[in-house]
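Engineer: quick one: sequence plus predicted model below, questions after.
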Amino acid sequence: MKKVFLSIVGFSLLCRLNVQAQNSVDTATHRVVNTTYTPVDNSNYTSKALHIDEINLVSSYYNQNGNHSPVTGGVGTEKVTDISNGIDLKLVWGDPNYKKNTLSIGLGYDHHTSASAAYVSKTGASRQGGDRLYPSLDWTVENVQKGSSFGIGAYYSAEYNYHSVGADLHFSQKTADKSGEFSAKFQAYLDQVTLIYPSEFIPKSTTTNNGGTTVITTASGLTYGDDSHSHRNIPSSPRNTYSASFGYSQIINSRFQVMFMVDAVAQNGYLGLPFHRVYYSTGRDTIEKLPSNRFKLPLGFRANYFIGDNVIIRSYYRYYVDSWGIRSNTASIEIPVKLTPFFSISPFYRYYDQTASKYFAPYEGHSVNDQYYTSNYEYAKFQSNFIGVGFRLAPPKGVFGWQNLHDLELRYGHYTQTTDLVSSVVSLSLGFK
């Protein structure tokens, strides 16, 4: 389910952040990157007391359907619904040494239902929904005079089948004329994946220990307590992700800006999910098995062009390659149009294509001699289209006359994939000053 959540979070962040002409969002990493710079007069810069600079509220609803569920070996329902809510609080303070401090405190909560989750157990008795909580914290110090910044961040995420902690370091430096900026970010995520196995791989025999607790032991030696839904006695396995992201943005002229991005991502540990089934060509089933290491290399380019004062063309391209044999291309365009001084509309479109992983095969497509195997269509060959529109309202006297509510945006997107997967997401964001 983690992939679905990342898609929702990415769309929600795009809803809140990509509407600002001076910012754009890297869809590969979901991080905001500054693409313009307006020179400021620092001679009168004064220290500022701690204050709330901005509060952002985002809520989204996601609905998905398809017929290639990895839980049932590449066949079966992929129906998913998710309600996601998040709040981001930004505190700002400054000092006479041209240092601007920003503390961002975020909290997100998702509730989802997945029809395929019921088939982890062939009796249909498994849980069909879950919740995810993900707080975050980021502290950034910007030297206004030197055009540099440095920051640290921390993250936590918990769901019924995994727990994750993360941290990052990030910094940036503008060029002498303030027209260019180099940025770098280093991240680490340490996950624990709960090893929930399909019911047919748990033997029917049970034993009772000295404390009177019933224990079920699998063929691989894993033990489960009597209440398997609580996961108290289900073991977990580590999954670690390390990434380094670099970017350089450049103002070409007053209307044209570009940015180049490169990420290097290394993963190790348990990279599959044990409740993803695979069916051999013989009809016998097993569980997904993938290598314990993976390297990813996305390369991106972004260009923004301002047509007068009312129209912006935002374009993006990314090429991706990894050690599992996947190659992909992403191209997107968004054209915000300001219809009035306080109302704008932003149609957008994204195209994506990828080759299949060398470890993928469809239902009953794997040989018993294969070393690694998955029937998760996330690793299949496919093309996809994502199209939608956003509406932003930002009256000078506040939305609905409420001065503190400085903007409201509603976005809708529809996604189709050549594997017959379809989804829709609608997101509402509110920005308070």
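Structural biologist: Okay, I see it.

Engineer: neighbours around residue 359, how many?
Structural biologist: The tally of other residues near residue 359 (other Cβ atoms under 10 Å) stands at 22. Glycine gets a C-beta too; all of them are placed from N, C-alpha and C.

Engineer: and residue 390, what helix or strand is that in?
Structural biologist: Per DSSP states H and E: residue 390 is located in strand 382-393.

Engineer: in its sheet, what does that strand sit against?
Structural biologist: Partner strands and pairing direction for strand 382-393 (DSSP bridges) are strand 343-354 (antiparallel), strand 405-417 (antiparallel).

Engineer: okay, the ones you listed in TSV with mean pLDDT next?
Structural biologist: Shown next, in TSV, are the strands paired with strand 382-393 (pLDDT from 0 to 100):
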stretch	mean pLDDT
strand 343-354	98
strand 405-417	97
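
Engineer: most packed of these?
Structural biologist: Stretch with highest mean neighbour count among those: strand 405-417 (a mean of 19; mean count of other Cβ atoms under 10 Å).

Engineer: so where's the stretch 251-400 of the chain uncertain?
Structural biologist: The model of the stretch 251-400 of the chain has no residue with pLDDT under 70.

Engineer: which stretches in it count as strands?
Structural biologist: All strands of the stretch 251-400 of the chain, identified by DSSP state E, counting those that start in this stretch, fall at 256-269, 277-279, 285-287, 293-307, 311-322, 327-334, 337-340, 343-354, 382-393.

Engineer: coming back round to it: so which bits of the strand holding residue 390 are buried?
Structural biologist: 382, 384, 386, 388, 390, 392, 393 (16 or more other Cβ atoms under 10 Å).

Engineer: quick one, strands of the stretch 51-200 of the chain?
Structural biologist: For the stretch 51-200 of the chain, applying DSSP E, counting those that start in this stretch gives strands covering 51-65, 80-95, 99-114, 129-143, 148-159, 162-174, 180-194.

Engineer: so which of those strands is nearest residue 427?
Structural biologist: Residue 427 lies closest to strand 51-65 among those, at 3.8 Å (Cβ to Cβ).

Engineer: what's the spacing between the spatially closest residue to residue 355 that is not a sequence neighbour and residue 367?
Structural biologist: Leaving aside its chain neighbours, residue 355 sits nearest to residue 327 (4.7 Å; criterion: Cβ to Cβ, 6 or more residues apart in numbering). Distance check for residue 327 against residue 367: by Cβ to Cβ, to the nearest Å, it reads 24 Å.

Engineer: residue 334 against residue 345, yeah?
Structural biologist: No. Between residue 334 and residue 345 there is no contact under Cβ atoms under 8 Å: 10.8 Å.

Engineer: about what we covered before: starting at the chain centroid, how far to the strand holding residue 390?
Structural biologist: Here the centre of strand 382-393 is set off from its chain's centre by 16 Å, with Cα atoms, centre = their mean, to the nearest Å.

Engineer: what sits up against it?
Structural biologist: Residues outside strand 382-393 that contact it (Cβ atoms under 8 Å, 6 or more residues apart in numbering): 15, 19, 332, 336, 342-354, 399, 407-419, 421.

Engineer: repeat that for stretch 50-59.
Structural biologist: With contact meaning Cβ under 8 Å, 6+ apart, stretch 50-59 is reached by 12-13, 15-16, 83-93, 102, 427-433.

Engineer: give me the phi and psi for residue 362.
Structural biologist: Torsion angles at residue 362 (phi, psi; degrees, to the nearest 10) stand at phi -70, psi -170.

Engineer: how close does the residue nearest to it when sequence neighbours are not counted get to residue 106?
Structural biologist: Leaving aside its chain neighbours, residue 362 sits nearest to residue 74 (5.1 Å; criterion: Cβ to Cβ, 6+ apart). Distance, residue 74 to residue 106, using Cβ to Cβ: 36 Å.

Engineer: perfect, I'm done here.
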